[in-house]
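Chemist: predicted coordinates and the sequence they were generated for:
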Amino acid sequence: MLAGGSIYWVIRGQIRVRQLVTGFRSERDDNGRTYCLIEVDHELVPTLLRPWRPFQGWRYLTPADAPPDASVGPGGIAAMPERMLAELRALGLL
């Protein structure tokens, strides 16, 4: 996970962004129970939208399931309207 692993965010039924995992820390809550704190980079990296069912808890994505990063900047794919991106995906063009 620390060698380039990311947490992918599912928002409104789509994987939309990812955050690079930067570390893990053991913490204790107010009742003394231990838990693992996952440290992530603050930067949200836009991805190509990929439909994904909402869920609770962890899901591990295989490299084939992880969406690629979206191109950003003027003229990049991330600048396209979401509806257009969905239509292009449905046509198999993205």
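Modeler: Yep, that arrived.
Chemist: what's the distance between the spatially closest residue to residue 39 that is not a sequence neighbour and residue 30?
Modeler: Using CB to CB, 6 or more residues apart in numbering and skipping the chain neighbours, the partner closest in space to residue 39 is residue 23 (4.0 Å). Placement of C-beta: from N, CA and C, glycine included. Per CB to CB, to the nearest Å, residue 23 is found 23 Å from residue 30.
Chemist: just residue 49 next, same as before
Modeler: Counting by CB to CB, the gap from residue 49 to residue 30 is 38 Å.
Chemist: neighbour count for those two, which is higher?
Modeler: Shown here are residue 49 and residue 30; by other CB atoms under 10 Å, residue 49 has more neighbours (22 against 5).
Chemist: need the contact list for the more buried one.
Modeler: Residue 49 makes contacts with 14, 15, 16, 67, 82, 85, 86, 89, as judged by CB atoms under 8 Å, 6 or more residues apart in numbering.
Chemist: who does the first one bridge with?
Modeler: Spelled out, it's residue 14. Taking DSSP bridges as the rule, residue 14 bridges to residue 11, residue 51.
Chemist: need the per-residue pLDDT for it.
Modeler: With respect to pLDDT, residue 14 has a value of 85.
Chemist: test my guess that the residue nearest to residue 39 contacts residue 2.
Modeler: Yes: using CB atoms under 8 Å, residue 23 is in contact with residue 2, at 6.9 Å.
Chemist: can you give me the strands for the chain?
Modeler: Assigned by DSSP state E, the strands in the chain fall at 6-11, 14-28, 34-40, 45-51.
Chemist: can I get those strands in CSV including distance to residue 57?
Modeler: Output for the strands of the chain, formatted as CSV (distance: least, CB to CB, whole Å):
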stretch, distance to residue 57
strand 6-11, 12
strand 14-28, 16
strand 34-40, 13
strand 45-51, 19
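Chemist: if anything else comes up later, I'll come back, but that's it for now.
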